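Chemist: fold the stuff below for me.
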Amino acid sequence: MRPYSIDLRNKIIEIWKKEKISIRKLAQHFGVSKSFIQKLIKKYIAFP
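Modeler: Residues are numbered from 1 along each chain as shown. Below is the predicted model of the structure:
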């Protein structure tokens, strides 16, 4: 399995910041796991 692209990661963070969508809905929308998004947000908060 290939790592998710930087572009996808940035899109997820941008939508999360702008629209305050739940992690579950983001995961469903982008077809990724909830844990991936949780880790992504945690990293973003630590290093904006």
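
Chemist: poorly predicted segments of the protein, please.
Modeler: Applying pLDDT under 70 to the chain picks out residues 1.

Chemist: how about the helices of it, start to end?
Modeler: Under the criterion DSSP state H, helices of the chain are mapped to 6-19, 23-30, 34-46.

Chemist: turn these into a markdown table, columns for mean neighbour count.
Modeler: All C-beta atoms are positioned from the backbone trio N, CA, C, and that covers glycine. Shown next, in a markdown table, are these (neighbours: other CB atoms under 10 Å):
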| stretch | mean neighbour count |
| --- | --- |
| helix 6-19 | 13 |
| helix 23-30 | 15 |
| helix 34-46 | 13 |
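
Chemist: which ones are touching Ala27?
Modeler: Ser33, Lys34, Phe36, Ile37 (CB atoms under 8 Å, 6 or more residues apart in numbering).

Chemist: and the closest residue to Ser33 other than its chain neighbours, how far from Phe47?
Modeler: Once flanking residues are discounted, Ser33 sits nearest to Ala27: 6.1 Å by CB to CB, 6 or more residues apart in numbering. Distance from Ala27 to Phe47, counting by CB to CB, to the nearest Å: 22 Å.
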